[in-house]
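S.K.: Structure, please.
(2 chains)
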Amino acid sequence: TQLLEQSPQFLSIQEGENLTVYCNSSSVFSSLQWYRQEPGEGPVLLVTVVTGGEVKKLKRLTFQFGDARKDSSLHITAAQPGDTGLYLCAGPNFGNEKLTFGTGTRLTIIP
Amino acid sequence: DAGITQSPRHKVTETGTPVTLRCHQTENHRYMYWYRQDPGHGLRLIHYSYGVKDTDKGEVSDGYSVSRSKTEDFLLTLESATSSQTSVYFCAISVTGTGQPQHFGDGTRLSIL
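M.R.: From the prediction side, this is the model:
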């Protein structure tokens, strides 16, 4: 099973600030997915990145897939309290295509 | 809303008792999954199904069994629950048919005392 490490594990910032969270692996992934999970709910898929170097934007969220397809980042501009949640990255394992999930970054935006 | 309903949402039971969790989807998606989520481990795949009566093991399948007799229902059974199976269980579906989940239910919080 290919491993995904997410950092930081916890992040607490003031509303309006910018932030970046990371998803790293020593293995190559054919794609990476980002989810956001709120307390008491299941993860919600935000985006899938497929091509090395790809950048996708979702309003104030910018997702980037590393050139070597071993890492990804999520940048949030002007964070808002509604961005609070657990951010998970996940990628399919070569061979069986089943998703491996990172342990997540728990983000808190303070009003 | 992908129309996934998990039941029950919460359950407390004792060690050694059988437990069955249900996942129901309102659409005829082929792939369904059961995950457990634990602090420090993220989401881990227990079992998945790629059609009626077609199931396979995930990375943490020991102590669990599944059944899928209808497209819309995927059941997860703990034959004899242990405290290590205390967790939050999520059902998921793939709407693209890629074999990877895109939509998750809201989870079942299971406590084994």
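
S.K.: Check chain A for the residue nearest chain B and tell me.
M.R.: When scored by C-beta to the nearest C-beta, chain A has A:G42 as its residue closest to chain B, at 3.1 Å. C-beta coordinates here come from the backbone N, C-alpha and C atoms, glycine included.

S.K.: which SS class is A:G82?
M.R.: Secondary structure, DSSP: H, G, I helix; E, B strand; the rest coil: A:G82 is helix.

S.K.: Just give the closest residue to A:K70, not the sequence neighbours.
M.R.: In space, and not counting its chain neighbours, A:K70 is closest to A:S25: 5.2 Å by C-beta to C-beta, 6 or more residues apart in numbering or on different chains.

S.K.: right, and the one you found touches A:G66 too?
M.R.: No. Judged on C-beta atoms under 8 Å, A:S25 makes no contact with A:G66 at a distance of 9.4 Å.

S.K.: Near A:S31, how many other residues are there?
M.R.: Burial measure for A:S31: 18 neighbouring residues, criterion other C-beta atoms under 10 Å in any protein chain shown.

S.K.: Tell me who's in contact with the closest residue to it other than its chain neighbours.
M.R.: Spatial nearest neighbour of A:S31, excluding adjacent residues (C-beta to C-beta, 6+ apart): A:V50 at 4.6 Å. Residues in contact with A:V50 (C-beta atoms under 8 Å, 6 or more residues apart in numbering or on different chains) are A:30-31, A:65.

S.K.: quick one on the thing from earlier: list phi and psi for the residue nearest to A:K70.
M.R.: When read as degrees, to the nearest 10, the backbone of A:S25 gives phi -150, psi 160.

S.K.: Return the per-residue confidence for it.
M.R.: Per-residue pLDDT puts A:S25 at 93.

S.K.: Rank the helices and strands of chain A by mean pLDDT and give me the bottom one.
M.R.: strand A:99-101 (a mean of 89; mean pLDDT, DSSP states H and E).

S.K.: moving C-terminal of that one, what's the next helix or strand?
M.R.: Sequence order places strand A:105-110 as the next helix or strand after strand A:99-101, per DSSP states H and E.

S.K.: export that following strand as PDB, just CAs?
M.R.: The C-alpha coordinates for strand A:105-110 follow below in PDB (Å, rounded to 0.1, in the frame of the first residue of the first chain):
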ATOM      1  CA  THR A 105      -5.200  18.100   8.100                       C
ATOM      2  CA  ARG A 106      -7.700  19.500  10.600                       C
ATOM      3  CA  LEU A 107      -8.200  23.200   9.700                       C
ATOM      4  CA  THR A 108      -9.900  25.700  12.000                       C
ATOM      5  CA  ILE A 109     -10.600  29.200  10.900                       C
ATOM      6  CA  ILE A 110     -11.100  31.600  13.700                       C
END
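
S.K.: Show me what counts as buried in that strand.
M.R.: For strand A:105-110, the neighbour count (16 or more other C-beta atoms under 10 Å in any protein chain shown) marks A:105-107, A:109 as buried.

S.K.: got the contact list for that strand?
M.R.: Contact with strand A:105-110 is made by A:6-15, A:19, A:21, A:76, A:79-87, as judged by C-beta under 8 Å, 6+ apart.

S.K.: Show me which of those are buried.
M.R.: Looks like the contacts of strand A:105-110 have A:6, A:11, A:19, A:21, A:76, A:79, A:83-87 buried, using 16+ other C-beta under 10 Å.

S.K.: Nothing else from me, thank you.
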